[in-house]
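Student: below are the sequence and a predicted model for it; my questions follow.
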Amino acid sequence: MLLLSIVFSNVCLLTSCEEPSQALIYVYNEHGADHFRYMEYKGLSEVELDFPIVSIAVHDNKIEQNGWTTLSLMTSDFVPDKYQAYWAGFLETNITYELTNASFENSVAGLCRDSLTPPCKKLKAYLSENMEYVIKQYLTFGENDEFWYQITYPGKVSAFSGMPIN
């Protein structure tokens, strides 16, 4: 089994330093079965982790300082693609939840309190058309195209829908 060894380090400015949020999924074997565990850290720096890591995310939110936020995701190829896609999506959702929620609240929250209003109908139509486009593209290109393979991979679809992967 491949061990993904990762060293965290944080470079801070002299004025202030808010360390990035860091989260990972690792796998361990207990009673002959693999189990996945989620860990989130704030301020993990210069620590070497030597156990099988499936996926790791580092979210550096500097919106208040410079208007930017960055998310770095890595997966290890010692697990099948569907697990890599699922756990990367899981980490992204969890580590950026507050920012995603704030963005939603500041942009579209309350837009569709009455689903029959023109803006709500327009939004629903756009989202429906977009989903139809994605499905048509996948059916056209299938698993032979590297991009559409990743976009529609069962692990990713499961993560978006909140369903467990098989």
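Tutor: Done, it's in. Residues are numbered from 1 along each chain as shown.
Student: quick check: next helix or strand after the helix or strand harbouring residue 128?
Tutor: Per DSSP states H and E, residue 128 falls inside helix 118-141. Beyond helix 118-141 in the direction of the C-terminus, DSSP H and E gives the next helix or strand as helix 146-151.
Student: name the residues of that following helix that are buried.
Tutor: residue 148 (16 or more other Cβ atoms under 10 Å). Any C-beta I mention is one placed from the backbone N, CA and C, and that applies to glycine too.
Student: which element is the most centrally placed residue in the chain on?
Tutor: Geometric centre of the chain, nearest residue: residue 92, 2.2 Å, by Cα atoms, centre = their mean. Residue 92 belongs to helix 81-95 when assigned by DSSP H and E.
Student: residue ranges with poor pLDDT in the protein?
Tutor: Low-confidence segments of the chain, defined by pLDDT under 70: 1-18, 42-51, 152-166.
Student: tell me the helices and strands packed up against the helix holding residue 128.
Tutor: Packing partners of helix 118-141 (3 or more Cβ pairs under 8 Å, 6 or more residues apart in numbering; DSSP states H and E): helix 146-151.
Student: need the residues that contact the helix it packs on.
Tutor: When contacts are defined by Cβ atoms under 8 Å, 6 or more residues apart in numbering, helix 146-151 is touched by residues 85, 134, 137, 138, 141, 142, 143, 156.
Student: how is this protein carved up into domains?
Tutor: If you go by automatic domain parsing, the domain ranges for the chain are 1-109, 111-160.
Student: just name the most buried of these.
Tutor: Most buried of these, by mean neighbour count (mean count of other Cβ atoms under 10 Å): domain 1-109, with a mean of 15.
Student: how far off centre is that domain?
Tutor: The chain centre lies 8 Å from the centre of domain 1-109; the measure is Cα atoms, centre = their mean, to the nearest Å.
Student: ends of stretch 38-55, how far apart?
Tutor: Chord length of stretch 38-55, first to last residue, is 10 Å (Cα to Cα, to the nearest Å).
Student: I should have written stretch 109-127 there, sorry.
Tutor: 16 Å.
Student: follow-up on the earlier one: can I get the contacts of helix 146-151 in JSON lines including distance to residue 110?
Tutor: Listed next are the contacts of helix 146-151 as JSON lines, based on distance: Cβ to Cβ, whole Å:
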{"residue": "85", "distance to residue 110": "32"}
{"residue": "134", "distance to residue 110": "27"}
{"residue": "137", "distance to residue 110": "32"}
{"residue": "138", "distance to residue 110": "33"}
{"residue": "141", "distance to residue 110": "38"}
{"residue": "142", "distance to residue 110": "39"}
{"residue": "143", "distance to residue 110": "40"}
{"residue": "156", "distance to residue 110": "29"}
